[in-house]
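**Q** 3D model of this:
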Amino acid sequence: MLLLFCLCHIEHAERQRGPQPAAEDGQDGWQGGGKGGDQAEECVEKREDSKSRCARCPLRAMCRAVWGLVLGCCVALAWAVGTHSAKQSLEQLHAPFFTIWFCSTWNLLLFPLYYLGHLLGAKQRQWPTACFRQCSGFLVEEDMTVRVLLKGAAPFSVLWSLSGYLYLLALCRISAGDASAILCCSQGFIFLLSWIGLNDRFMGVRIVAVILSITGIVMMAYADGFHSDSITGVALAVGSASTTALYKVLFRKRVGEVQPGTASVLLSCVGLCCCVLHSWVCVILYLTHVEYWPPIQYIPWDALCVMASLLLAFNVLVNLGSVLAYPSLISLGMLLSIPANSAVDFYVAAAPQLSQVRVAAAAIIGVGYLLLLLPGDWDDSVVHWIEGLWQGGWKEDSVVGEDGGADGGEIAKPKPKPAGIAALT
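**A** Take a look at the predicted model:
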């Protein structure tokens, strides 16, 4: 249903941008004097061009939709396997901040990957410095230096590291499926923060989605009782989702409409900040015995590298995949990660079977997540689509009525009539 709705929404937008029907121009051309033939030919050409363009639009929308589903499944797979690798590494290395620091430094590769795609797909290629300056305008207003980049990206790097740190702490207390389900609630927090801070349009359906998300969180916390250790894990996961929402809203406030180039530059700068600034935090946590590092040969580098590479692939798919597919369909990957993580927990980690309360909570959160993916003008699009179907069904009957009126010497009325009334007349 969501795929069908996205296709109808895109097709409606393409029709609004496309050329208008040339029926009136054709009538004027036939009524004209010496220029009637030329105008008639132009009218036919416009109609053929409009038909060919309309024939291409559904195919292009279908291709982007298929790419969106494929990339969404890849996002779910990358997040599920990466989360499982994170749980494995935390069992051998109880250093969540060091883990998220190691994975965040891999974000330095985001802009080189984006520039590689620019070289392969752009018609007019730019030098790396020129492309970086063009995409980093929201961070650098004057001369581009490392100090200015670190200063502009520091708030984002703090939110990034804090969100990942809280998520890893939550994984130590709750299952990966529960943590992924609660992380999906960040979309509801994004709507609330955008409505308050960015003056976004108020939508009643999204308020309902936020209420459903909060209900799912409460049910997830109640699954093992409010006095169990899982309540702490749920609270940490909610903190991670809130920090993620704050990161995305702050990014929108600084940039406006997020583009793949700006997202790749920001994540690369976040990786630079983590590599330069947050390394001192790792040392302080080690010296204060908050985190413990074993000797270097006993650190699970394989699990850490798998987790970092999958997190990098996740960021590439989410931030750069909009070139090939619709972002809403790619966002379905986070929703699909809930059953994927639950399957990994059950078959790989030998976790106990999910309770009915957890399944109901995940289902409620999933419904809220789907409601939040609806576009801002979804109601207008649905109304236009229904009107198009309704008028399209009556159009043939109205044409029959007009032909009958013309044969009888009467002037046909342009108002369409239902099939039953047209038959009686």
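
**Q** From here on, just use CA atoms for contacts and neighbour counts.
**A** Will do.

**Q** where's residue 189 relative to residue 62, distance?
**A** Separation of residue 189 from residue 62 (C-alpha to C-alpha, to the nearest Å) stands at 31 Å.

**Q** Which of those two has more residues huddled nearby?
**A** The neighbour comparison of residue 189 against residue 62 (other C-alpha atoms under 10 Å) goes to residue 189, with 22 against 18.

**Q** For the more buried one, which non-adjacent residue is spatially closest?
**A** Nearest in space to residue 189, with sequence neighbours left out and distances taken as C-alpha to C-alpha, 6 or more residues apart in numbering, is residue 245 at 5.8 Å.

**Q** any chance you could map the strands in the stretch 101-250 of the chain?
**A** With DSSP state E, counting those that start in this stretch as the definition, the stretch 101-250 of the chain shows no strands.

**Q** Tell me where it is predicted with low confidence.
**A** Low-confidence segments of the stretch 101-250 of the chain, defined by pLDDT under 70: 140-143, 225-228.

**Q** redo that, cut-off 90
**A** Filtered on pLDDT under 90, the stretch 101-250 of the chain yields the residue ranges 110-155, 172-178, 194-206, 218-233.

**Q** so residue 152 touches residue 137, yeah?
**A** No. Here residue 152 lies out of contact with residue 137, judged by C-alpha atoms under 8 Å, at a distance of 10.7 Å.

**Q** So which of the two has more stuff around it?
**A** Set side by side, residue 152 and residue 137 show more neighbours around residue 152, with 19 against 14, by other C-alpha under 10 Å.

**Q** Please tell me how far the residue lying closest to the more buried one once chain neighbours are set aside sits from residue 198.
**A** Spatial nearest neighbour of residue 152, chain neighbours left out: residue 139 (5.3 Å); criterion: C-alpha to C-alpha, 6+ apart. Distance, residue 139 to residue 198, using C-alpha to C-alpha: 19 Å.

**Q** who has more neighbours, the two?
**A** It is residue 139, of residue 139 and residue 198, that has more neighbours when counted by other C-alpha under 10 Å, with 21 against 15.

**Q** gap between that one and residue 389?
**A** 48 Å.

**Q** Check residue 103 too.
**A** Using C-alpha to C-alpha, we find residue 103 at a distance of 51 Å from residue 389.

**Q** With neighbour numbers in mind, choose between the two.
**A** residue 103 (23 against 12).

**Q** My read is that the more buried one contacts residue 308, right?
**A** Yes. Counting by C-alpha under 8 Å, residue 103 touches residue 308, with 4.4 Å between them.

**Q** Other residues contacting stretch 157-172?
**A** Here stretch 157-172 makes contact (C-alpha atoms under 8 Å, 6 or more residues apart in numbering) with 86-87, 90, 96-97, 100-101, 104, 179, 232-237, 239-241, 243-244, 246-247, 270-271, 273-274.

**Q** Narrow the residues you listed to just the buried residues.
**A** Among the contacts of stretch 157-172, those buried by neighbour count (16 or more other C-alpha atoms under 10 Å) are 86-87, 90, 96-97, 100-101, 104, 179, 232-237, 239-241, 243-244, 246-247, 270-271, 273-274.

**Q** Please name the spatially closest residue to residue 118 (chain neighbours excluded).
**A** Using C-alpha to C-alpha, 6+ apart, the closest residue to residue 118 is residue 125 (7.2 Å).
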